[in-house]
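Asker: could you work out the structure for the sequence below:
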Amino acid sequence: MKKIIISLLALMLTASIAAALESPWEKKLPFKEATIDYTISGNSKGTKTIYVKDYGRTVAEYRNTSMTVFGMTQKENTLDVTTPEWEYAIDLTEHNGTKMVNPEKYLIEEFQKLSKSDQKKIIKNT
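Answerer: As a prediction, this is how the structure comes out:
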């Protein structure tokens, strides 16, 4: 009897997970990892490199640029890292940074609280 109850609970859990809709904020990229290099030109000049891991769940963006306005050069050397839980913004010139909660975390949590019909509306609208 105990095995039957455990099997039914496992089946119900599996069915509820399968029935859950994927939120627009949890979509995976079609590749596992990537490194993308940019050359920035125009008002700002420099480079930007984006590192993608785990199908886009973790992204790091390194930016090294400079811009000259009225003879004064403004340099930017930053690293932004986004994980499913946190966002880090690091200024490599000033040697400081900030850490904050990734707002997508809360969007995903609130999406899961919605009814299936409301989830479908959100997916349709995105």
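Asker: show me the shaky parts of this structure.
Answerer: The chain contains residues with pLDDT under 70 at 1-20.
Asker: just the strands in it please.
Answerer: In the chain, the segments counted as strands under DSSP state E are 34-40, 44-53, 58-69, 72-82, 86-91, 96-101.
Asker: now render those as CSV, adding mean neighbour count and distance to L107.
Answerer: Where C-beta positions appear, they are placed from N, C-alpha and C, glycine not excepted. Supplementary listing: the strands of the chain in CSV, determined by neighbours: other CB atoms under 10 Å; distance: least, CB to CB, whole Å:
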stretch, mean neighbour count, distance to L107
strand 34-40, 11, 24
strand 44-53, 15, 20
strand 58-69, 15, 16
strand 72-82, 13, 14
strand 86-91, 15, 13
strand 96-101, 10, 11
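Asker: closest to K116 out of those strands?
Answerer: strand 96-101 (26.9 Å; CB to CB).
Asker: list the strands paired with that closest one, with their directions.
Answerer: Paired neighbours of strand 96-101 in the sheet (DSSP bridges): strand 86-91 (antiparallel).
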